[in-house]
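A.B. asks: Only the shape, not the letters, is given here:
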């Protein structure tokens, strides 16, 4: 699935969420690790986001967690006029 990425972090709740925008109208979650889930499009089964509860606790092994997420991201720069 292609789209822009929205990254949201709630410091008080210690929750990180990364969502491919626009998100589907209907989706479901699958746990992939303690406190870590992926969100999938209900119709296509494509991964459209990841959520990490207790994010600070998981930052030491974040690389291991993200290795389990079946998503590949390609980044490109966008020229902007200021």
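C.D. replies: Structure's in. What do you need? As the structure is a prediction and not an experimental result, all values here were calculated from the model. Numbers count the residues shown, from 1 in each chain.
A.B. asks: From now on I want contacts and neighbour counts done on CA atoms only, so please keep to that.
C.D. replies: Fine.
A.B. asks: what's the residue nearest to residue 18 when sequence neighbours are not counted in contact with, if anything?
C.D. replies: Nearest in space to residue 18, with sequence neighbours left out and distances taken as CA to CA, 6 or more residues apart in numbering, is residue 7 at 4.6 Å. Shown in contact with residue 7 (CA atoms under 8 Å, 6 or more residues apart in numbering): 16, 17, 18, 19.
A.B. asks: in this structure, which spans are helices?
C.D. replies: Using DSSP state H, the helices assigned to the chain run over residues 55-58, 62-67.
A.B. asks: Comparing these, which comes out most buried?
C.D. replies: helix 55-58 (a mean of 15; mean count of other CA atoms under 10 Å).
A.B. asks: packing partners for that helix?
C.D. replies: Using 3 or more CA pairs under 8 Å, 6 or more residues apart in numbering; DSSP states H and E as the contact test, no helix or strand touches helix 55-58.
A.B. asks: Tabulate the helices of the chain (CSV), appending distance to residue 39.
C.D. replies: CSV is the format used below for the helices of the chain (distance: least, CA to CA, whole Å):
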stretch, distance to residue 39
helix 55-58, 17
helix 62-67, 14
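A.B. asks: Output the ones you listed as TSV; include the columns distance to residue 45 and mean pLDDT.
C.D. replies: Formatted as TSV, the helices of the chain follow (distance: least, CA to CA, whole Å; pLDDT from 0 to 100):
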stretch	distance to residue 45	mean pLDDT
helix 55-58	25	84
helix 62-67	18	69
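A.B. asks: between these, which one is nearest to residue 40?
C.D. replies: Nearest of the helices of the chain to residue 40, taken as CA to CA: helix 62-67 at 15.5 Å.
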